[in-house]
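>>> from the sequence below, what's the structure:
(2 chains)
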Amino acid sequence: MTKLTPKSRTKHPPVVPSTRDAISSWLDVLTSMLVVSESQRLQIRDELEDHLRSRVDDLLIVGKSEPRAIQIAVAELGETAELAKLITHAHTRINPRRKIMNAALIAVALGGMSFGGFTLITGTGAPSAPPGGGGAVPVVVPGDRDREVAHESETGRASNDLLATVATVPVNQDVSYFELLKPFAEKLGLTLEIDRVAFHQRGLTPTMTIRLVNNPERTLGQVLDSIPNAIDTSLWRKYGEDDEIVAQQIDDALFVSTRRGLDRRTTHRVVYGLGDLANPDPDLPVLANSSSSVLIVRNIGSAIIEQIRPSAWSDLGGNLAAMNELGTNLVITAPDSMHAEIEILLADIRERVAKQTEIVQEQKRALVEEQRMQQVQRKQAIERIRAEYIRVRDEYIALGNQVGAASAKRYRLEVELQSQDMNSDEAEKIEDQIQALSTKRFELELRRDEYQQRYDYLRQLLIESQYAELFEVFTLPDVHSQESSTEVPTVAVRGFGVKAGLYEYVPRMKISRLLTIATTGRDIDPDRFVTIQRDGAVMRLGSIRDIVGGHVDVGSLMVGDTLVIADSDH
Amino acid sequence: MLTLKQDHSELVVLSVLAIGPSYGYAISKAIATQSDGYFKLLPSAMYPLLTKLEKNGLVTTSWEEVKAAGADPDSTGRRRKWYTLSPKGHKQLARRIELHRQTQSIIDGFVAQAPENQLASG
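Down below sits the predicted model:
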């Protein structure tokens, strides 16, 4: 069996590639619903993936098809949201024993707690807890091991100063530990308070004696190291780190005890206000897995228990520290030494959150600036559309007027031709003029039609972009290239009464086919003439009747072709 | 088939793990097999239960990498979570078995006193 740690997890390639997609997709959905830490999420995913693939393997053996096997295996896991809820609950709930202990703590705590920030609560009910006995941090004197010095008590003197205090102690005579320690208390101007119960548990009784020889000038640290000499050296090994002799100034007393005793002596309750962490920026990734402030506080509580002397907590069978949640606060009863570690851990979390907040705020600022720039660009684009729209509209109107003028002039010439008695040369001349006017009008109409379509397009674009601005979903179009708005190759049909517009280009599509599509269902004169614009040239093709009826073969379409159906009189 | 209730499922799962370390799917199969298909522990109940047992220190866990038969030997397999009964779990199982036997004995006492005709008509 290969042992893996959670940290060694990497994205695994599929064991059965053909089943990976369906199973992985389902796992993606499920894990996205879990409200747990990222490491827990990965472990849950791995475990369920193993379950599903094992089940699928079994079902394949009994003859199920692969899709059916996956369907059965997933269905057996139950409704996804419900499963996610149950798993989340299992990973986040507090065990019943903790709830009972916390209920008792809440009852005591409500008597005197104040909320907000970092509030010290005194008077815990601990057996030896003094009134107001808080803020002190133990100085540990671990015999011949390295000395661990915690930070200075607010009311006491510096730890090293305390341990370095020199006093004249009795030498060359058998004395009790009380007589050895008393000179230091006197030197420091403190009362001596020895935790006799803790000493007794350490195997030290008041009647035991210690004999120091030669130099009577000793430091407190040296004397503390010497006290265990009172018991038989063969017994030393049975005592652990918690039984080491330690000293600390607490208020006006020099308190000497074992580390365990000092922990009990300095145990008090602190309400840790976590409102700032429990209601973070919702975009903050560091706590994004927690869906509510309660869960965030619970996660922080779990982190404290797991990180700081786990065996001390009542949750894990210890008897030194207890924790309960109260809104966005954690009420923790623990020794000073643990409170100091909790403070450091919370400071680390806050520092991390602050950094994340800074990053998120920077991203938000950048996003706001980007949105502002986009808004400016939108407005500029809309103005360009509006200007182009006005220009095209004016041109369209002007072309309409020119078509009208050409028609009127041709009409006058036709009347003139019919009503006056003129010779053949003059008549031919007028007929030439009429023909020239017809050609000119036809060209004007083509241009007018083109402008009309562009006018319609821009008007629609302007309306859409103004609406889009309201909903901020506008994408900037290229106002100078109507065709560029689509990557699909197109052909166009123009003319009054037909289904004008852009059509998707289909290779080898006959012109007659497009003409049929553009005119079917419309009341169109079949004698109207059709021209085609291709690569800047205009070619006359024939009447709708001839083309659609197959009387003339006009060939196939090319990308960008424009069919123009002229008025019936052409 | 009966779906195991939570109270029974903990006893059953601890009993399965008392035989030896196992993993989620194998535990559910063992329960179905050993009860001739009579009992079924749904995954939606089993995995939260295993999490609870782990959090309470009744089981310890470890991870194994497994590969499908015929898989590329150089490829990384999927991960399997193994559960092993801890000493605390053994004690808990012993307590649960004792409690179960006491309860069973008391219920048997009631059942034994039921009138024969009641049993026959039932």
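>>> can I assume residue A:242 is in contact with residue A:259?
Yes. Using C-beta atoms under 8 Å, residue A:242 is in contact with residue A:259, at 5.1 Å. Bear in mind the C-beta positions are built from the backbone N, C-alpha and C, glycine included.
>>> quick one: which of these two has more around it?
Legend: neighbour count by other C-beta atoms under 10 Å in any protein chain shown for residue A:242 and residue A:259, higher for residue A:259 (22 against 16).
>>> so that one sits against residue A:246, correct?
Yes. Using C-beta under 8 Å, residue A:259 is in contact with residue A:246, at 5.2 Å.
>>> so, in contact with chain B or not, the host helix or strand of residue A:30?
Assigned by DSSP states H and E, residue A:30 falls within helix A:17-33. No. Counting by C-beta under 8 Å from any C-beta of the partner chain, no contacts exist between helix A:17-33 and chain B, the nearest distance being 9.9 Å.
>>> name the surrounding residues that touch the next helix or strand along the chain from that helix.
Next in sequence after helix A:17-33, counting helices and strands by DSSP H and E, comes helix A:38-61. For helix A:38-61, the external contacting residues (C-beta atoms under 8 Å, 6 or more residues apart in numbering or on different chains) are A:6, A:9, A:15-16, A:19, A:23-24, A:26-27, A:30-31, A:34, A:36, A:66, A:68-70, A:72-74, A:76-77, A:87, A:91, A:289, B:23-26, B:29, B:43, B:47, B:63, B:66, B:68, B:78-81.
>>> can you flag the buried ones in the residues you listed?
Among the contacts of helix A:38-61, those buried by neighbour count (16 or more other C-beta atoms under 10 Å in any protein chain shown) are A:9, A:15-16, A:19, A:23, A:26-27, A:30-31, A:34, A:36, A:69-70, A:73-74, A:76-77, A:87, A:91, A:289, B:23-26, B:29, B:43, B:47, B:63, B:66, B:78-81.
>>> in helices, which of those residues appear?
Here DSSP state H is the test, and the buried ones among the contacts of helix A:38-61 give A:19, A:23, A:26-27, A:30-31, A:69-70, A:73-74, A:76, A:87, A:91, B:24-26, B:29, B:43, B:47 as lying in helices.
>>> and residue 4, what's its pLDDT?
The chain I'm using is chain A. You'll see residue A:4 listed with a pLDDT of 41.
>>> if you could check chain B rather than the one you did, that'd help
59.
>>> for the residue in chain B that chain A sits nearest to, which non-adjacent residue is closest in space?
Closest residue of chain B to chain A, C-beta to the nearest C-beta: residue B:48 (3.5 Å). Nearest non-adjacent residue to residue B:48, counting by C-beta to C-beta, 6 or more residues apart in numbering or on different chains: residue A:90, 3.5 Å away.
>>> same thing with residue A:261?
Here the residue nearest residue A:261, using C-beta to C-beta, 6+ apart, is residue A:198, at 2.8 Å.
>>> correct me if wrong: that neighbour contacts residue A:260.
Yes. With contact defined as C-beta under 8 Å, residue A:198 counts as touching residue A:260 (6.5 Å).
>>> among those two, which residue is more densely surrounded?
Each of residue A:198 and residue A:260 has its neighbours counted (other C-beta under 10 Å); residue A:198 has more, 24 against 20.
>>> what's the local residue count around the residue nearest to residue B:48?
Residue A:90 has 20 neighbours, counted by other C-beta under 10 Å.
>>> pretty sure it contacts residue B:47?
Yes. Using C-beta under 8 Å, residue A:90 is in contact with residue B:47, at 7.3 Å.
>>> pLDDT weak spots in the chain?
Went with chain A since none was named. A:1-21, A:93-160, A:233-238, A:240-241, A:279-292, A:420, A:466-488, A:568-570 (pLDDT under 70).
>>> meant chain B, my bad for not saying
Those would be B:1-7, B:69, B:116-122, if you go by pLDDT under 70 across chain B.
>>> and the strands in it?
For chain B, the strands defined by DSSP state E cover B:2-3, B:22-23, B:39-40, B:59-66, B:78-85.
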